[in-house]
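Engineer: Based on what follows, work out the 3D shape:
(one chain, ligands or ions: 2)
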Amino acid sequence: MPVDEKLITSEVLDNTLVREIYPEIKVLSEPKMGKVRTVYDIGDQRMIMISSDNLSTHDVVHKRQVYGKGANLDAISEYYFKATEHIVSNHLVETIASNVWLVQKAEPILVEMVFRKYLTGSGWRDYIKKNGPEKGSEFCGVELRPGYRKNEILDEVIFTPTGKGIVGDFDIPEFQGMDPEIDDPKITIEIIKANYRVFGLRKPEDLDYIMGKAFALYSFIHKDLEEKGHLLADTKWEFGYLSDGRIALIDECVTPDSSRFWKASDYKFNPEKNEFTIVQDDKQHFRDYVESLGLQAVERKDELAAHIMDDNVLRQGVVKYCNIREEITGTLPGITNFSRKDAVLKALGDAGFLR
Ligand SMILES: Nc1ncnc2c1ncn2[C@@H]1O[C@H](COP(=O)(O)OP(=O)(O)O)[C@@H](O)[C@H]1O
Ligand SMILES: [Mg+2]
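Structural biologist: Residues are numbered from 1 along each chain as shown. Ligands and ions are numbered 1, 2, ... in the order given. Have a look, this model is predicted:
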């Protein structure tokens, strides 16, 4: 049963979990804040990870949040963490509340492990720029044959890694002379292996292990999603070392923030445009909205950050996130006016994690 839109009132839309630091949590060190999550080191190789309802598009965190987004993303990750435990270990220990996880602390590897099954987004833009359709081209060290059309399925899943951070974070010869502010710089398997310590790897072969696991994850999850009517166009994983030295999947797993999901039934070749038509879920709704306002340009970041989305745009987004969560996991989030923050703090208190 899809979520009942009438339940998503203005009050509900305002009852979001904002990304913030809770000083009430007992911690060993300063909490770490990402764009969406906050991570608390609580000692004993354990961390509390709280997923907010924050929305970021075009590298900007928006003023308003999307009700239920954090809980929906966590539910999807959790579903795939559990379904793929036989393939690779992951950091999830226990769900304390929706939006709140207890995880094993890891030493993150500083590579965004991006995998693609379809040629779209930055991969497609790069291919066009290098005249790939006629001559073929290279992307993150991967040779792409000529003749692909926009959004077309690739001959095989490809690995197109980027550095986690900005160019200036990595002191490696390959980045000499590059603008240090470039975010998520494109790299290759060779660059990672030649500078493995800078990228947080303990030995170069660990990358082969991770790639092997990631290809297996991709094919398992793609098949599961396809049975549910979606194509996994691309996704991004993070891995890290646990205290016993094992490599585990950390952060999130195949959520709408880290992946592109396309509706399988709408994926068709359009001969007039010479491209494959796609209908994308969730976050694209917000990206399209921002682009309809013309606020996607880097020079307009401040304006985008100050922009306040109206209830209708938000409500449609809430519904989309709920729908995809339900299609994947079979569950929906509770729709409530009871303060999300109070609920999170109560769950943390009951579990003994507060001062
Ligand atoms: N098990 C873990 N141990 C240590 N750090 C983790 C773990 N899982 C995730 N992280 C880190 O926590 C942060 C999560 O915040 P997030 O909002 O997802 O950040 P980002 O904007 O970098 O994606 C990231 O920096 C991620 O590398
Ligand atoms: Mg993340």
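
Engineer: can you pull out the helices in the stretch 101-250 of the chain?
Structural biologist: 121-129, 132-135, 189-194, 205-227 (DSSP state H, counting those that start in this stretch).

Engineer: Please name whichever of those helices is nearest to Q176.
Structural biologist: Nearest to Q176, of all these, is helix 189-194, at 12.3 Å by C-beta to C-beta. Using the backbone N, CA and C atoms, a C-beta is placed for each residue, glycine as well.

Engineer: buried stuff in that closest one?
Structural biologist: 189, 191-193 (16 or more other C-beta atoms under 10 Å).

Engineer: same check, this time on stretch 318-336
Structural biologist: Buried residues in stretch 318-336 (16+ other C-beta under 10 Å): 318-329, 332-333, 335.

Engineer: Widest-spaced pair of these?
Structural biologist: I328 and I335 (18.5 Å).

Engineer: mind checking how far I210 is from ligand 1?
Structural biologist: 15 Å (C-beta to the nearest ligand atom, to the nearest Å).

Engineer: is it true that that residue touches I247?
Structural biologist: Yes: with contact defined as C-beta atoms under 8 Å, I210 reaches I247; the gap is 6.3 Å.

Engineer: intersection of neighbour lists for the two?
Structural biologist: Among the neighbours of I210, those also in contact with I247 (C-beta atoms under 8 Å, 6 or more residues apart in numbering) are 109, 239.

Engineer: residues in contact with L7?
Structural biologist: Contacts of L7 by C-beta under 8 Å, 6+ apart are I335.

Engineer: what's it sitting at in phi/psi?
Structural biologist: Backbone torsions of L7, given as degrees, to the nearest 10, read phi -70, psi -20.

Engineer: any idea how far whatever residue of the chain ends up closest to ligand 1 is from E174?
Structural biologist: Going by C-beta to the nearest ligand atom, ligand 1 is nearest to G34 of the chain, at 2.1 Å. Distance, G34 to E174, by C-beta to C-beta, to the nearest Å: 26 Å.

Engineer: Near ligand 1, which residues of the stretch 201-350 of the chain are found?
Structural biologist: 238, 240, 250-251 (C-beta under 6 Å from any ligand atom).

Engineer: cutoff 8 Å now
Structural biologist: 238, 240, 248, 250-252, 257-258 (C-beta under 8 Å from any ligand atom).

Engineer: Let's see which of the residues you listed end up in strands.
Structural biologist: Among these, the ones falling in strands (DSSP state E) are 238, 240, 248, 250.

Engineer: any idea how far the residue nearest to K193 when sequence neighbours are not counted lies from L7?
Structural biologist: Leaving out its chain neighbours, the residue that sits closest to K193 by C-beta to C-beta, 6 or more residues apart in numbering is P204, at 4.2 Å. In this view, P204 and L7 are 52 Å apart by C-beta to C-beta.
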